[in-house]
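Participant: mind folding the following:
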Amino acid sequence: MILDIYKQARPEEVRAGMRWYDEAHAWAAGVASAHGVPLEPVVAVTAALSPANKWERNKVDTEAMISAYANGEDMSAVKVCTYNRNKDLAIKAARRGIEVLSGPKTNAFAINILHPENEDVVTIDRHGYNIHIGERMIVSQRGLKVTPKRYRETASAYISRAGEIGIRPNQLQAITWLTWRRMLVESGERV
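Facilitator: Purely as a prediction, here's the structure:
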């Protein structure tokens, strides 16, 4: 089903997806440079804050957290638009990097931003899983979960399909993610 969604991508979705992680890396490198910190803490904070946080808001929140970290300010006083446990994890991530991240999606997201050229890791969220199985399943804390086994199977499928079409797995994931979300909006479904 992954390639079925890929084939429905509009040219602008393909272009945006092909460069999504490269642009995220460049943005994170800019934040690191502006605040005089290494790249890894910026990426780790970004990944820690990502669950249930829109990308543009995630960037604002990350920059605020990194600014507080770089200036020796109380990071817990920074307001973010995600769960408190994610904020707590982001505080640890600023100090210790990727090693503190938990969960395959959060780790993969950090690795894909830190090393966008990596072809062995792909970020799988609820949309990625739904794309893989070819239907919309509500994946939440109360319902179906992307279990470790489902995550591995889905990641493996993305890696395999990306190899078939000659692009990086994270590029295929980004293209299909953008396409899937557009398709949901067009069908009137909540994203």
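Participant: tell me where this structure has helices.
Facilitator: Here the chain has its helices, by DSSP state H, at 2-7, 11-35, 39-49, 55-70, 84-96, 104-114, 126-133, 148-165, 169-186.
Participant: name the helix or strand of the chain that has the lowest mean pLDDT.
Facilitator: helix 126-133 (a mean of 91; mean pLDDT, DSSP states H and E).
Participant: which elements pack onto that helix?
Facilitator: Helices and strands touching helix 126-133, by 3 or more CB pairs under 8 Å, 6 or more residues apart in numbering; DSSP states H and E, are helix 2-7, helix 148-165, helix 169-186. Placement of C-beta: from N, CA and C, glycine included.
Participant: now do the last one against helix 104-114, angle only.
Facilitator: Interaxial angle of helix 169-186 relative to helix 104-114 (axes from the mean of the first three to the mean of the last three CA atoms, to 10 degrees): 120 degrees.
Participant: which residues touch helix 169-186?
Facilitator: 2, 5-6, 8-10, 13-14, 16-18, 20-21, 112, 116, 118-125, 127-128, 130-131, 136, 155, 158-159, 161-162, 165, 190-191 (CB atoms under 8 Å, 6 or more residues apart in numbering).
Participant: list only buried entries from these.
Facilitator: For the contacts of helix 169-186, a burial check counting by 16 or more other CB atoms under 10 Å picks out 2, 5-6, 9, 13-14, 17-18, 20-21, 112, 116, 121-125, 127-128, 130-131, 155, 158-159, 161-162.
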